[in-house]
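*Asks:* Here is my input, please return the structure:
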Amino acid sequence: MALTLKERDRRIELVRGKMREQGLAALVVSGSTSRKGHFQYLTNYNIPIDYCYMVLPLSGDPTLFVFTPNQARIAPKRSWVPDARYSPDYGASIAQWLRETGLGDKAVGVVGMEVMSAKTHQTILGLLPSVKLVDAGEIVAEARTVKNDEEIALIRESAALADGACAAGRGAAREGARDYEVFAEMDYFLKRRGVIEAFNLAAADTLPAFPYLPVGNVLKSGEAVLMEIVEIAKQALDEGMEVVRPGTRACDVDRAMRAVVEGAGYTMPQRAGHGVGLEVDERPALIPSNQITLQPGMTVVVHPSVVIPERGGVFMGGTFLITPHGHEKLFQAELL
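*Replies:* Below is the predicted model of the structure:
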């Protein structure tokens with residue numbers, strides 16, 4: 001299932017509305033292979049290597065600046081942006097674009113300020129001393145937080161694929177197998193079905209799988225892998241599910257699960273969950289300090305972790321859609 005041009009136009013107009021409110025003449029959107037969500041949201045381009053930038057004016061067509069000449073040829077075919085240009089110096093290219101479009105002395109928002117390199121930032125300001133660069137990441141972050149019907153349909157599809165990958169991993173998780181064999185079966189299942197990217201975890205170790213990747217450890221009888229959980233983790237997830245609904249604060253989900261885990265004498269070192277969409281880590285973060293209120297259209301992963309310090313533990317979760325009257329469980333995999 002692919003995103004439509006109608007969805008492209010909805011996103012662009014949504015973002016441009018926020019730009020008008022903030023008096024921004026253009027956005028410079030930064031992306032990299034590890035932090036590409038904001039960039040991909042507006043371009044539909046999956047960055048294959050290094051960094052890329054898009055400049056989006058308040059009116060008129062956007063432009064992509066990419067890492068290689070080959071990317072400049074391919075990007076128009078794989079993105080929503082027909083104008084893709086190779087740039088050996090991103091800062092100079094962006095500054096020239098702003099100057100040529102008469103925006104060299106305007107307020108310009110930067111989306112992905114944490115991704116933009118210091119060199120690119122300094123070059124733009126050095127070549128355009130009158131331009132005002134403003135951190136505008138909140139514009140796109142806010143737009144991405146609540147999903148519409150088209151986005152929700154894709155998340156449903158991804159949840160079903162995750163169920164299949166989990167089943168493939170279970171089939172490979174047997175005594176004597178290596179952790180990377182489990183990982184490979186999950187990855188193979190997804191790649192055969194056209195999944196471009198996946199965040200799979202499978203480990204045979206004394207630590208919870210996240211954030212560790214397979215290292216060749218052999219699975220032994222009685223050891224935990226990611227697809228297995230203990231009863232305490234299941235109870236914590238059940239408690240989290242009870243409060244995942246509109247009006248609940250993100251911190252309340254964490255509190256409900258943490259009470260179960262810590263009440264049983266274990267620790268819960270990982271966050272209780274987070275939003276899900278274009279990246280693994282999206283808003284809202286289900287952490288003790290986050291007061292944001294859940295609302296319909298948000299999609300969240302809820303995942304308790306149960307750990308015995310210095311000995312190991314388990315880490316698991318599932319995806320939920322916040323609905324007007326509660327939540328919808330999007331995964332079907334049996335967790336216990």
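
*Asks:* what are the ranges of the strands in the stretch 101-250 of the chain?
*Replies:* 107-111, 132-135 (DSSP state E, counting those that start in this stretch).

*Asks:* which one of those strands is the most hemmed in?
*Replies:* strand 107-111 (a mean of 23; mean count of other Cβ atoms under 10 Å). Every residue, glycine included, has its C-beta placed from N, CA and C.

*Asks:* what about that one, average pLDDT?
*Replies:* Averaged across strand 107-111, pLDDT comes to 98.

*Asks:* Not counting its neighbours along the chain, what's nearest A159?
*Replies:* Residue nearest to A159 in three dimensions, not counting chain neighbours: L330, with 3.8 Å by Cβ to Cβ, 6 or more residues apart in numbering.

*Asks:* quick one, what contacts the one you found?
*Replies:* 155-156, 159, 299, 318-321 (Cβ atoms under 8 Å, 6 or more residues apart in numbering).

*Asks:* Most neighbours of all those residues, which one?
*Replies:* F320 (26 neighbours; other Cβ atoms under 10 Å).

*Asks:* which SS class is it?
*Replies:* strand (DSSP: H, G, I helix; E, B strand; the rest coil).

*Asks:* Excluding chain neighbours, what is closest to L190?
*Replies:* Using Cβ to Cβ, 6+ apart, the closest residue to L190 is A198 (4.9 Å).

*Asks:* Which residue ranges of this protein form helices?
*Replies:* 5-22, 37-43, 69-78, 90-100, 118-127, 137-145, 149-172, 179-192, 231-243, 250-263 (DSSP state H).

*Asks:* got the buried residues for the fourth one?
*Replies:* Of all the residues in helix 90-100, those buried under the rule 16 or more other Cβ atoms under 10 Å are 90-91, 93-98.

*Asks:* next one: the third one
*Replies:* The neighbour-count criterion (16+ other Cβ under 10 Å) identifies 71-72, 75 as the buried residues of helix 69-78.

*Asks:* between these, which is closest to G104?
*Replies:* Looking at the buried residues of helix 69-78 and their distance to G104, the nearest is A72, at 23.5 Å (Cβ to Cβ).

*Asks:* gap between the closest residue to the closest one other than its chain neighbours and R73?
*Replies:* Distances taken as Cβ to Cβ, 6+ apart place Y86 nearest to A72, at 4.2 Å, with adjacent residues excluded. Separation of Y86 from R73 (Cβ to Cβ, to the nearest Å) stands at 9 Å.

*Asks:* next one: V195
*Replies:* 25 Å.

*Asks:* ok, now A165?
*Replies:* Where R73 is concerned, A165 sits at a distance of 33 Å (Cβ to Cβ).

*Asks:* Who does the lowest-mean-pLDDT helix or strand in the chain pair with, and is each partner parallel or antiparallel?
*Replies:* Lowest on mean pLDDT, DSSP states H and E among the helices and strands of the chain sits strand 312-315, with a mean of 73. Strand 312-315 has the following sheet partners, assigned by DSSP bridges: strand 305-308 (antiparallel).
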